[in-house]
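> sequence first, predicted coordinates after that:
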Amino acid sequence: MKMAGVCWISVLLAVSLFIGDCATMDLDYVTRIAELIQKSYEYNDMQFSVAVNIPEVPMNTEELEKVILPVNWVTLNEDLNKWIVYIDKNIVVAVPLKQTTNNGKPYKIHAEIRVLVNLDNLANTREGKILFLYSWYSPCDRCTKEGDQRSKQTMESYAFVFNRVYDWMRSSEGSKVIPEPTIINTLRDLRTIIKDNIFRCYKPKNRAFLCVKCFVDASLDADPVAAYGWPVLDICAAGSQSVYWRLCDDGYKWLACVGYLCCWQSVCLLETVRRRWIYVTYLIPNRHFSVAVNIPEDPKNLEELRKVFYNIYLPDVKKVLNQGQVYIGSNAVVAVPQKKVSQNGKTYTDHAEAQVLDNLDNLYNTRQGNILVLYSWLSPCGEKCTNINNRNNILKKILKNVLNKWKSYAFVFHTVFTGPRGGKQATEADIKWTLRKLRQVIVDDNIFRCYNPNNTGFRCVKCFVDASKTADPVAACVKK
């Protein structure tokens, strides 16, 4: 792909955008927007650029489609095939345009430039919106160093997103690889305009689509994260320990892998939860349930992960559960709360999590090379589940049946349990205490809440990000 010619992104951005306090964008929201743009506008694997106004308040995917998709697909394709900039009421799309200078030399007007000089429609409807600037390639070094004096309307919130790292160029003198320091400096220059809302959103080989924030260090002379220093570096790739620690630990915590459960020993639990396979496969509407399942530690691709759930037929699972039994499959254990009678004749509820933890033999026999995921629709209760004095608490069961048997395991829940219907409701302090107790028996703080807040998109949050053992869980794991 030729990227020669004048490109003035930095100055155009500076005059097209209001350089003030720009709020940090939610990574899950960025991911959903970028994936939809890429699927909708990818132009024959060529460079293209899109600008679109996105509501600041996160929307679900169906609502986003109405915002991002063009009014007229026919006109869009006709315009791009004629090298014309497509301008809609809420979106601008462009591809590079070949031109010739007065002295006969060929050059290109870059797609990003063609988008940035056509933002009038978007500026007129900018109230309450984020300007989302998408480019198939990251900028070239000239793009962030040269400029003109064109001025546009101001935008208060904005983000720059790219798919591929522009790491080579071809000209009449031949092709050349762009060195890593040049790529780093280019992104640093872009950062002076965009602040820290610069993301790479792409699909690494044999991995699922993901977005990573380029800068996580507040220092203005900091380097972008490793995935941007070189174009094809896999994020959270199994065995790539140095990359894992740079992205997931060195100040970046879980943002780089949100929803991917990048957790222990430099491995990724990939899309198991983010793609909702556990949620969709076992969901029992309006009923609490719990699941234990073995997931490959180092899946070669997503197909290998899907196979974990191939043989699960939910009607069979429900039939067993409705008979008051625990479903025990070759690679999964499923349970719902069951009313039982104790030896002294008292009725009690045997919680789903406890029943699952009592029936892990099949999974133990196939544990080699696997991570055990303990999934619960509700977070644990404090009265029984994490009360060490209760005979049926799950803390002792995890210590006995999981801790010394699986090398890696995680506890995942969907909904915060605030108390039984019609009974005493748990306070936030109670919920925090319950999660802190659970933390004592879960290695590497692998406790997550994976849910769909207000229908804004399925996401996962790590409940503990502070290493202090007395630290509270994050708000998303406490508030309903």
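Yep, it's here.

> using the three-state scheme, assign residue 215.
coil (DSSP: H, G, I helix; E, B strand; the rest coil).

> how far away is it from residue 80?
32 Å (C-beta to C-beta, to the nearest Å). C-beta coordinates here come from the backbone N, C-alpha and C atoms, glycine included.

> ditto for residue 108
15 Å.

> over to residue 99?
From residue 99 across to residue 80, the span is 17 Å (C-beta to C-beta).

> compare neighbour counts for the two and give me the winner.
Neighbour count, other C-beta atoms under 10 Å: between residue 99 and residue 80, residue 80 has more, with 20 against 13.

> correct me, but that one touches residue 96?
No - counting by C-beta atoms under 8 Å, residue 80 sits too far from residue 96 to count as a contact (10.7 Å).

> ok so residue 102 is a helix residue?
No - using three-state DSSP, the assignment for residue 102 is coil, not a helix.

> so what's the residue count around it?
Neighbours of residue 102 (other C-beta under 10 Å): 5.

> what residues does it make contact with?
Residue 102 sits next to no residue when contact means C-beta atoms under 8 Å, 6 or more residues apart in numbering.

> quick one, phi/psi of it?
When read as degrees, to the nearest 10, the backbone of residue 102 gives phi -60, psi -30.

> do you know how far it is from residue 110?
From residue 102 to residue 110 the distance is 20 Å (C-beta to C-beta).

> swap in residue 80?
15 Å.

> quick one: the helices in the stretch 101-250 of the chain?
111-116, 120-124, 180-194, 226-229, 241-248 (DSSP state H, counting those that start in this stretch).

> try the stretch 251-400 of the chain
277-282, 302-306, 314-322, 352-357, 361-365, 394-398.

> now those helices in CSV, please, with extra columns for mean pLDDT.
As requested, these are exported to CSV (pLDDT from 0 to 100):
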stretch, mean pLDDT
helix 277-282, 68
helix 302-306, 64
helix 314-322, 87
helix 352-357, 95
helix 361-365, 93
helix 394-398, 94
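
> need the winner for burial among those helices.
helix 352-357 (a mean of 26; mean count of other C-beta atoms under 10 Å).

> flag every buried residue along stretch 410-430.
410-414, 416-418, 426, 430 (16 or more other C-beta atoms under 10 Å).

> quick one: it to chain centroid distance?
25 Å (C-alpha atoms, centre = their mean, to the nearest Å).

> for that stretch, give me every contacting residue.
261, 263, 269, 273, 278-279, 371-382, 431, 434, 438, 442, 446-451, 460, 477-480.

> which of the residues you listed fall within strands?
371-378, 447-451, 460 (DSSP state E).

> out of these, which is nearest to residue 392?
Comparing the ones in strands among the contacts of stretch 410-430 against residue 392 with C-beta to C-beta places residue 376 closest, at 14.8 Å.

> dump the residue contacts of that closest one.
288-291, 352-353, 411-414.

> so who does the residue nearest to residue 93 when sequence neighbours are not counted touch?
Nearest residue to residue 93, sequence neighbours excluded (C-beta to C-beta, 6 or more residues apart in numbering): residue 86, at 4.3 Å. Residue 86 sits next to 70, 75-76, 79-80, 92-94 when contact means C-beta under 8 Å, 6+ apart.

> residue 86 and residue 79, how far apart?
4 Å.

> same check on residue 347?
Applying C-beta to C-beta to residue 347 and residue 79 gives a distance of 70 Å.

> cool, residue 416 as well?
Taking C-beta to C-beta, one finds residue 416 at 49 Å from residue 79.

> then residue 113?
16 Å.

> of those two, who's got more company?
residue 113 (23 against 18).

> on that earlier part again, any of the contacts of residue 86 buried? List them.
70, 76, 79-80, 92-94.

> which of the residues you listed lies closest to residue 124?
Nearest member of these to residue 124, counting by C-beta to C-beta, is residue 92, at 12.6 Å.

> identify the residue nearest that closest one in space, chain neighbours excluded?
residue 51 (4.5 Å).

> wait, is that neighbour part of a helix?
No - according to three-state DSSP, residue 51 belongs to no helix; its state is strand.

> which residues does it bridge with?
residue 92, residue 133 (DSSP bridges).

> which residue packs closest to residue 87, ignoring adjacent ones?
Nearest to residue 87 is residue 118, by C-beta to C-beta, 6+ apart, at 5.5 Å.

> contacts only, for the one you found.
Taking C-beta under 8 Å, 6+ apart, one finds 51, 85, 87, 92, 94 in contact with residue 118.

> make CSV from those residues and add distance to residue 181 and pLDDT to it.
Formatted as CSV, the contacts of residue 118 follow (distance: C-beta to C-beta, whole Å; pLDDT from 0 to 100):
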residue, distance to residue 181, pLDDT
51, 29, 91
85, 33, 94
87, 37, 92
92, 32, 92
94, 29, 91
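
> any chance of these in JSON lines, plus distance to residue 335?
As requested, those are arranged in JSON lines below (distance: C-beta to C-beta, whole Å):
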{"residue": "51", "distance to residue 335": "50"}
{"residue": "85", "distance to residue 335": "58"}
{"residue": "87", "distance to residue 335": "56"}
{"residue": "92", "distance to residue 335": "53"}
{"residue": "94", "distance to residue 335": "55"}
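
> contacting residues for the residue nearest to residue 321 when sequence neighbours are not counted?
Spatially, and ignoring its direct neighbours in sequence, residue 321 is nearest to residue 336 (5.1 Å; C-beta to C-beta, 6+ apart). Residue 336 makes contacts with 284, 287-290, 321, 352, as judged by C-beta under 8 Å, 6+ apart.

> so how far is residue 282 from residue 336?
Distance from residue 336 to residue 282, by C-beta to C-beta: 10 Å.

> tell me, what's touching the two both at once?
residue 289.

> what's the domain layout of this protein?
9-248, 277-477 (automatic domain parsing).

> weakest of the ones you listed by average pLDDT?
For the domains of the chain, the bottom mean pLDDT is recorded on domain 9-248, which sits at a mean of 71.

> right, and residue 215 touches residue 199 too?
No - Residue 215 lies out of contact with residue 199 (C-beta under 8 Å); the separation is 9.8 Å.

> so which of the buried ones among the contacts of residue 86 sit within strands?
Reading strands off the buried ones among the contacts of residue 86 with DSSP E, I get 92-94.
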